[in-house]
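In: Generate coordinates for the sequence data below:
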Amino acid sequence: MQYPLLYTSECTKTVTSTTQAPRTLTQWQEAYRAGAEPADLLPALRHRLIRGDDPAVIRWVTGDELARRLGQLAEVAAAHADRAALLKVLPLFGVPFAVKDNIDIAGIETTAACPAFAHVAGQSAEAVRRLEAAGAVWIAKTNLDQFATGLVGARSPYGRPASVFDAARISGGSSSGSAVLTARGDVAFALGTDTAGSGRVPAGFNELVGLKPTPGRVSTAGVLPACRSLDCVSVFAHSVEDAAVVLSVIEGADAADAYSHFAPGPSTWAPRLKVGVPRVPFFFGDAGYEAAWSWAVAQMAALGHEIVALDFAPLDEVAALLYDGPWVAERHAVVAALLSAQPDALDATVRRVITRAVGMSATDAFRGLYRLQDLKAAGEATWSRCDLLMVPTAPGHPRFSELDADPVGVNSLLGRYTNFVNLLGWCALALPAGRTAVGLPFGVTFIAPGNHDAALARFGLGWQAAQGVASPAATPALWPQSEPEMAIAVVGAHLSGLPLNWQLTERGATLIEATRTAPRYRLHALPGTVPPKPGMVRDSLRGGSIALEVWRMPQRAVGSFLALIPQPLGLGSIELADGRWVHGFVCEAEATAQASDITELGGWRAYLQAVAAALPVPPRS
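Out: Numbering: from 1, shown residues only. Take a look at the predicted model:
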């Protein structure tokens with residue numbers, strides 16, 4: 001699939017990759033698998049990257065720090081017989097990454113883009129610790145909107161990074177430096193944080209993958225809070241696979257984080273989904289973004305998904321609560337002492353935003369919580385109409401001149417499709433979706449219910465492939481964790497649209513495929529069953545191939561489902577047409593003695609259609 005519009009001379013990418021090293025996480029892994037050494041690649045990479053004035057970076061790793069880290073990796077490598085064995089233990093061996101400078105690295109100063117607040121971290125953030133335990137090597141601490149307050153990337157005394165596509169336009173924030181370094185190819189991936197969209201907006205403005213997990217899935221221990229109850233560690237990467245691999249390393253419960261909540265959900269969705277989109281999408285009056293959005297929606301429909309237009313008013317109201325409601329007081333709680341002692345140490349716009357909390361009361365806080373709870377109910381109702389949401393990652397890509405003219409207003413508009421997600425406990429994946437007529441990247445964000453991170457990443461693979469981005473033949477060995485599931489084949493009243501299908505869907509089961517059995521089964525219409533049900537028995541001599549559906553059900557729900565299945569039916573093993581075996585509905589052979597043999601019709605739906613049309617059916621055997 002081609003991008004909808006092509007580059008023109010009005011916009012060209014202003015910063016190209018500054019390295020000749022591998023670019024993506026997958027490429028770095030391949031290089032090491034082929035025998036390359038971190039001691040050869042990483043010092044040379046550092047030498048090429050370091051420059052005197054880089055607004056994307058607050059601090060580079062020093063030569064001595066890098067040498068110590070390489071020594072550690074060499075010791076581990078020496079203990080393994082070969083590289084393959086090493087990479088099983090250290091899957092991110094020697095892979096360079098960047099860290100947003102509100103995330104701690106042991107022995108390194110954390111500034112949060114506020115020199116007066118800077119302090120040396122006593123230990124690394126849990127996400128960093130897990131990456132280093134997997135062999136990754138940090139290369140830079142990156143710039144951000146001060147105290148992670150902003151979506152613009154321009155509220156920092158360390159400089160204002162621009163989009164790598166246009167020096168006149170903002171990079172997006174607050175994780176500005178992490179996005180820019182990744183987009184330039186300086187690092188394989190980078191950590192950001194995302195409270196209001198800080199891991200998604202910069203991804204959209206720099207043509208990256210921006211993965212924002214379900215709140216609580218990744219520990220925020222060692223992360224300076226913006227809004228502690230909402231903060232997420234996010235990932236910038238060049239592909240869905242790379243982002244998913246990083247998430248698989250950093251996710252998991254952490255007793256040191258009171259907000260840690262790791263509850264893996266489904267592994268995938270059905271092949272065809274209901275995709276909710278804004279009924280009336282909002283843009284800055286940007287015709288290029290509007291055209292790119294229309295193309296993206298058409299692309300989604302062309303992939304076979306059903307587009308469902310939704311009223312986003314409840315979600316817009318949730319979004320407004322983040323900065324206009326009492327949650328801004330969480331930001332104030334972090335910097336209250338600094339504000340009191342050195343108010344001028346804060347960026348003027350950041351100070352203006354955070355001091356909104358000063359006039360708020362506990363009453364305001366509870367009113368906000370009550371209103372959010374009401375809106376959560378409306379938000380959850382969204383999932384009865386669609387499987388996931390697709391929104392523009394941002395409604396436009398502002399120039400610095402536009403931001404300077406209205407720093408708060410422009411920032412607020414950028415959060416139109418991002419601010420509500422964490423308040424509702426959902427996960428999101430920002431992905432490239434072509435470019436505008438002037439060559440600016442356009443991005444869409446897919447949003448899913450909480451704990452659907454693994455399914456969302458797998459869906460992202462499909463979108464990525466549709467954009468012409470090659471994907472590996474198989475899912476990477478490292479992948480976000482999903483809950484244990486069981487494949488269950490259904491042949492009768494549990495088929496999609498039939499009377500008992502609700503028993504599957506209310507247990508979180510997902511339709512995986514419609515297929516047929518091996519030609520070794522006979523199907524019978526059982527008499528006296530309500531609703532009508534068939535019974536299928538294996539008969540290798542006289543059997544036929546029976547139509548069925550395969551559903552994937554969480555194992556925790558299988559017991560309650562089994563309790564609903566009446567005699568003479570049960571769950572057993574069924575052979576599919578391609579030779580696979582799955583669990584599914586089978587019947588006691590004795591119960592079919594007085595039943596009509598409907599095998600020749602090929603399936604239960606065909607039998608129901610025959611009955612409805614009053615067509616002759618095979619006589620009882």
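
In: In terms of helices and strands, where is residue 417?
Out: Following DSSP states H and E, one finds residue 417 outside all helices and strands.

In: Just to check, it is in contact with residue 394?
Out: Yes - if you go by Cβ atoms under 8 Å, residue 417 and residue 394 touch, sitting 7.1 Å apart. Using the backbone N, CA and C atoms, a C-beta is placed for each residue, glycine as well.

In: hey, what's in contact with both of the two?
Out: residue 197 (Cβ atoms under 8 Å, 6 or more residues apart in numbering).

In: helix, strand or coil for residue 211?
Out: strand (DSSP: H, G, I helix; E, B strand; the rest coil).

In: for residue 275, same thing?
Out: Strictly by three-state DSSP, residue 275 counts as strand.

In: Surely it is in contact with residue 305?
Out: Yes - taking contacts as Cβ under 8 Å, residue 275 lies within contact range of residue 305: 4.8 Å.

In: With adjacent residues omitted, what lies nearest to residue 594?
Out: residue 527 (6.2 Å; Cβ to Cβ, 6 or more residues apart in numbering).

In: show me the contacts for the one you found.
Out: Shown in contact with residue 527 (Cβ under 8 Å, 6+ apart): 594-596.

In: Next one: it from residue 509, what distance?
Out: Distance, residue 527 to residue 509, by Cβ to Cβ, to the nearest Å: 28 Å.

In: hang on, the residue nearest to residue 594 is in a helix, isn't it?
Out: No - using three-state DSSP, the assignment for residue 527 is coil, not a helix.

In: gap between it and residue 592?
Out: 10 Å.

In: where do the contact lists of those two overlap?
Out: With Cβ under 8 Å, 6+ apart, residue 527 and residue 592 have no common neighbours.

In: Give me the secondary structure label for residue 594.
Out: coil.

In: So residue 22 sits against residue 33, correct?
Out: No - using Cβ under 8 Å as the test, residue 22 is too far from residue 33 to be in contact (11.1 Å).

In: most surrounded residue in the contacts of residue 527?
Out: Using other Cβ atoms under 10 Å as the neighbour criterion, residue 595 leads the contacts of residue 527 with 22 neighbours.

In: what's the distance between that residue and residue 534?
Out: In this view, residue 595 and residue 534 are 8 Å apart by Cβ to Cβ.

In: Could you do residue 313 as well?
Out: Residue 313 is 46 Å from residue 534, by Cβ to Cβ.

In: ditto for residue 275
Out: For residue 275, the distance to residue 534 - Cβ to Cβ - is 33 Å.

In: what's the answer for residue 302, then?
Out: Residue 302 is 36 Å from residue 534, by Cβ to Cβ.

In: out of the two, which sits in the more crowded spot?
Out: residue 534 (24 against 10).

In: Could I get the pLDDT score of the closest residue to that one other than its chain neighbours?
Out: Spatial nearest neighbour of residue 534, excluding adjacent residues (Cβ to Cβ, 6+ apart): residue 492 at 4.3 Å. At residue 492, the model reports a pLDDT of 98.

In: Now do the residue nearest to residue 21 when sequence neighbours are not counted against residue 37, distance only.
Out: Among residues not flanking residue 21 along the chain, residue 45 sits closest, at 5.1 Å (Cβ to Cβ, 6+ apart). Going from residue 45 to residue 37 by Cβ to Cβ gives 13 Å.

In: Pick out whichever of these two has more residues nearby.
Out: Comparing residue 45 with residue 37 by neighbour count (other Cβ under 10 Å), the higher total belongs to residue 45, at 22 against 15.

In: Do I have it right that the more buried one meets residue 96?
Out: Yes - Residue 45 is within contact range of residue 96, at 6.3 Å (criterion: Cβ under 8 Å).

In: between those two, what contacts are shared?
Out: The contact sets of residue 45 and residue 96 overlap at 139, 186 (Cβ under 8 Å, 6+ apart).

In: residues touching residue 280, list them.
Out: Neighbouring residues of residue 280 by Cβ under 8 Å, 6+ apart: residue 312.

In: which SS class is it?
Out: Taking three-state DSSP as the rule, one finds residue 280 in the coil state.

In: And residue 298, which helix or strand is it part of?
Out: Per DSSP H and E: helix 287-302 holds residue 298.

In: Distance from the helix or strand just after that helix to the middle of the chain?
Out: Following helix 287-302 in sequence order, the next helix or strand is strand 306-310 (DSSP H and E). Centroid separation for strand 306-310 versus its chain: 20 Å, with Cα atoms, centre = their mean, to the nearest Å.

In: tell me the mean pLDDT for strand 306-310?
Out: 98.

In: Show me what counts as buried in that strand.
Out: Using 16 or more other Cβ atoms under 10 Å as the test for burial, strand 306-310 gives 308, 310.

In: residues contacting the spatially most central residue of the chain?
Out: The centre of the chain sits closest to residue 429, judged by Cα atoms, centre = their mean, with a distance of 3.7 Å. By Cβ under 8 Å, 6+ apart, the contact list for residue 429 reads 209-212, 240, 243, 445-446, 456-457, 459-460.

In: Quick one: the residues you listed as JSON lines, columns for distance to residue 362, neighbour count and pLDDT too.
Out: As requested, the contacts of residue 429 are exported to JSON lines (distance: Cβ to Cβ, whole Å; neighbours: other Cβ atoms under 10 Å; pLDDT from 0 to 100):
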{"residue": "209", "distance to residue 362": "40", "neighbour count": "26", "pLDDT": "98"}
{"residue": "210", "distance to residue 362": "35", "neighbour count": "33", "pLDDT": "99"}
{"residue": "211", "distance to residue 362": "35", "neighbour count": "34", "pLDDT": "99"}
{"residue": "212", "distance to residue 362": "30", "neighbour count": "32", "pLDDT": "99"}
{"residue": "240", "distance to residue 362": "43", "neighbour count": "25", "pLDDT": "97"}
{"residue": "243", "distance to residue 362": "39", "neighbour count": "28", "pLDDT": "98"}
{"residue": "445", "distance to residue 362": "34", "neighbour count": "25", "pLDDT": "99"}
{"residue": "446", "distance to residue 362": "37", "neighbour count": "21", "pLDDT": "99"}
{"residue": "456", "distance to residue 362": "36", "neighbour count": "29", "pLDDT": "98"}
{"residue": "457", "distance to residue 362": "40", "neighbour count": "29", "pLDDT": "97"}
{"residue": "459", "distance to residue 362": "41", "neighbour count": "23", "pLDDT": "97"}
{"residue": "460", "distance to residue 362": "41", "neighbour count": "22", "pLDDT": "97"}
